[in-house]
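[1] Based on what follows, work out the 3D shape:
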Amino acid sequence: MIGVLLVDDEALTLELHRSYVERVPGFTVVAECAGARAAVAAILDAPKRAPIDLVLLDMTMPDGTGVDVLRHVRARAADVDVIAITSVRDAEVVRQAVALGAAQYLIKPFTFATFHDRLEHYRAYRERADAATGAATQSEIDAMLGALRPAAHVELPKGLSPDSLARVSDAVRSRGPLSATETADALGMSRVAARRYLEHLAEAGRVERAPRYGTRGRPETEYRWS
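    Numbers count the residues shown, from 1 in each chain. A predicted model of the protein is given here:
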């Protein structure tokens with residue numbers, strides 16, 4: 001389980017981000033802070049309490065900036081990953097955040113589908129990093145860094161929604177391999193709709209198709225997360 005610290009000075013934003021994190025399997029909110037000083041204290045105190053793996057960090061707060069937080073925790077060699085979540089679009093702030101180790105920079109406002117996609121990329125990065133033990137090869141390093149880069153935005157086919165696509169993705173990842181029928185039953189949607197989402201994921205390279213044998217009649221297609 002990936003422990004997440006939420007940092008934002010707006011209570012409604014903290015509540016929204018908490019609800020988003022709770023909808024992504026494998027992530028859990030372990031702490032919340034409404035200011036820069038509290039965020040630094042929570043990160044440096046984490047080894048004594050619930051481990052913090054990822055910080056979702058606002059860039060503007062009354063008592064400091066997200067860049068200030070990053071400077072303090074990096075000076076103390078705190079081993080946490082950071083995704084900046086902010087309305088600040090200033091290129092210099094982006095540069096400083098990246099230079100101080102922000103893995104991604106997400107502009108408010110955004111949809112749950114966008115948030116979900118960024119956390120999935122971060123999860124893929126961690127999985128690849130954990131799998132690369134000892135001296136990593138160039139291909140392993142390229143795969144680790146590439147996992148953090150969101151794919152270019154692709155328009156969804158007509159009739160598909162980002163939120164439903166995220167639900168289907170979560171189902172295959174956590175319960176898979178699944179057939180279209182099993183996906184439909186799990187999510188309360190029609191088999192035809194489930195198959196459209198699964199085929200879209202397959203065409204995008206996110207899932208792999210394979211025939212499932214052992215049942216009567218024609219073999220059924222199952223979908224496994226890549």
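
[2] average pLDDT for stretch 174-191?
    Stretch 174-191 carries an average pLDDT of 90.

[3] Show me what counts as buried in that stretch.
    Using 16 or more other Cβ atoms under 10 Å as the test for burial, stretch 174-191 gives 176, 177, 178, 179, 180, 182, 183, 184, 186, 187, 189. Any C-beta I mention is one placed from the backbone N, CA and C, and that applies to glycine too.

[4] likewise stretch 37-57?
    Within stretch 37-57, judged by 16+ other Cβ under 10 Å, the buried ones are 38, 39, 40, 42, 43, 46, 52, 53, 54, 55, 56, 57.

[5] okay, who's weakest in the residues you listed by pLDDT?
    Comparing those by pLDDT, residue 46 comes last, at 73.

[6] okay but it is in contact with residue 52, surely?
    Yes - look at residue 46 against residue 52 with Cβ atoms under 8 Å: they come within range, at 4.2 Å.

[7] Give me the common contacts of the two.
    5, 31, 80 (Cβ atoms under 8 Å, 6 or more residues apart in numbering).

[8] I'd like the distance between the second one and residue 72.
    The one in question is residue 31. Residue 31 is 16 Å from residue 72, where distance means Cβ to Cβ, to the nearest Å.

[9] Repeat that for the last one.
    As defined by Cβ to Cβ, residue 80 lies at a distance of 12 Å from residue 72.

[10] Also the first one?
    The span separating residue 5 from residue 72 equals 14 Å under the rule Cβ to Cβ.

[11] who's more crowded, those two?
    Ranked by neighbour count (other Cβ atoms under 10 Å), residue 5 and residue 72 place residue 5 first, with 22 against 18.

[12] so where does residue 200 fall, helix or strand?
    Here residue 200, judged by DSSP states H and E, is contained in helix 191-203.

[13] What count of nearby residues applies to residue 81?
    Other residues close to residue 81 by other Cβ under 10 Å number 19.

[14] residues touching it, list them.
    53, 54, 55, 101, 103, 122.
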